[in-house]
Structure formats: structure tokens, C-alpha cells
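okay, here's the prediction I keep looking at, along with the sequence it came from:
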Amino acid sequence: MTSTPRRSAISRVLSHALRHAPGEYGLVLDPEGWAPVPQVLAALHRLGPEWEAVDEEMLHGVLEAAGKKRHQISDGRIRAVHGHSVPVRPAEEPIEPPAVLFHGTARDTVPVIRVAGILPMGRRYVHLAETAEQAREVGQRKDSSPVILAIDTGLAVSRGVSFYRSESGVWLSGPIPAAAVNILDVSD
């Protein structure tokens, strides 16, 4: 059994390699972000002697133990489910979202959001949640009292925004226009 700190380290490196810097690890991703597991294992082994014990079984264990489904492994391939800063296209087709989705963000971003809407920033897509509570959890990574935004998805779709639902349940979209953003909670 792999220890929790070790699983976390493996998960962090996988996220960095598969979301942001595949080239730094010698990985080549397909258009949907998949990399061959043997290629990923070889990249991990090059990190140093402490990484040489990582095998496919351990990767499966790391992914199964994770509370959040950040990665997917299938048919000898592995990918990050979402959060990419490198160009990948969603594996999913656009689908009709719920009438309202939520986004949690830092308080200091509200003035910009009121004008420009919600932008993906360093990522390829805006990440949205199905509940305000999920959005609050995500927002607390950047601000202890995040702002919760409600997205009128019907209005966003009418303005050309497509929505995708990732394997982990996170909703992904292009930039959300300011007109479709309703600020629910600002704690100053």
C-alpha cells in the first residue's frame, strides 16, 4: 500500500505533467490529453531513484484512492480529466447544462468579472459546479471567504457558450459573459 503523502506526490506530478507541462516530462498527449501509461511511467522513473518503484498498479491505486477524479486511466492510457493549460479538446460532446451552475472565486476578482465575465485565466476552460457548496469549496482554495457566482446557462448558451461535463462531474465552458453572471455572495 502506498502512503498518503506518496500518493499525493504522485498525483501532483501526474497533474503537472498531464495538465500543464507534458513536454518537460517527455510526454506527447493526443488531442484529448491522453498519454500512453508506459510513457508516463518512464517519465516518472526519470525523476529519480525514489520514483523507480512506481508501476501501473500503483497508478491505479493512486487514482482509486483520490477523493476527486482528477485523472482517468483506460486501455493503457492516462489523462487529466480537466484543468489543462495546454491545448486539449474535451473528450465529451457539448451537452445541455442545468439551468444554473456555480463558480466560486476570490473577492478581489469581482470588479473584473462584473465587466469581463468569467474567464478561464491560465486554463483552457472555466470550471463550474452543480451546487453553490461545491463552488464555495473550490473558491476557498484562493480566498477564505470566496464569492459565489450563479451562472444563467441559458443566457450563456444563447451567447454562444458551449458546456461540457467532465468525468469527475466538473462542468467546463468557454468564457462566461458578464450578463450571464449573478453574484450571490460577497463577504467583505
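Received, thanks.

who touches residue 79 in this structure?
18, 29, 32-35, 71-72, 91 (Cβ atoms under 8 Å, 6 or more residues apart in numbering). Glycine gets a C-beta too; all of them are placed from N, C-alpha and C.

and the helix ranked longest in the chain, which residues are buried?
When the chain is scanned for its longest helix (criterion: DSSP state H), the result is helix 4-15. For helix 4-15, burial by neighbour count (16 or more other Cβ atoms under 10 Å) applies to 7, 9-11, 13-14.

and the least confident of those residues?
Among the buried residues of helix 4-15, residue 7 carries the weakest pLDDT, at 84.

ok, back up a step: from the contact counts, what lies against the longest helix of the chain?
Judged by 3 or more Cβ pairs under 8 Å, 6 or more residues apart in numbering; DSSP states H and E, helix 4-15 is in contact with helix 37-45, helix 56-65, strand 71-74, strand 77-80.

look up how far residue 48 lies from the residue nearest to residue 157 when sequence neighbours are not counted.
Spatial nearest neighbour of residue 157, excluding adjacent residues (Cβ to Cβ, 6 or more residues apart in numbering): residue 163 at 7.3 Å. Remark: distance between residue 163 and residue 48 (Cβ to Cβ, to the nearest Å) = 41 Å.

all helices for this structure, in order.
4-15, 37-45, 56-65, 110-116, 132-139, 153-158.

show the average pLDDT along the fourth one.
Taken as a whole, helix 110-116 has an average pLDDT of 93.

among the helices and strands packed on helix 4-15, which is the most enclosed?
Ranked by mean neighbour count under mean count of other Cβ atoms under 10 Å, the helices and strands packed on helix 4-15 are led by strand 77-80, which reaches a mean of 23.

for residue 141, what are phi and psi?
The phi and psi values for residue 141, taken as degrees, to the nearest 10, are phi -70, psi -20.

heads up, I number from 51, so please use that
Sure thing, new numbering starts at 51, so read that last one as residue 191.

can you report how many residues lie near it?
Neighbours of residue 191 under the rule other Cβ atoms under 10 Å: 10.
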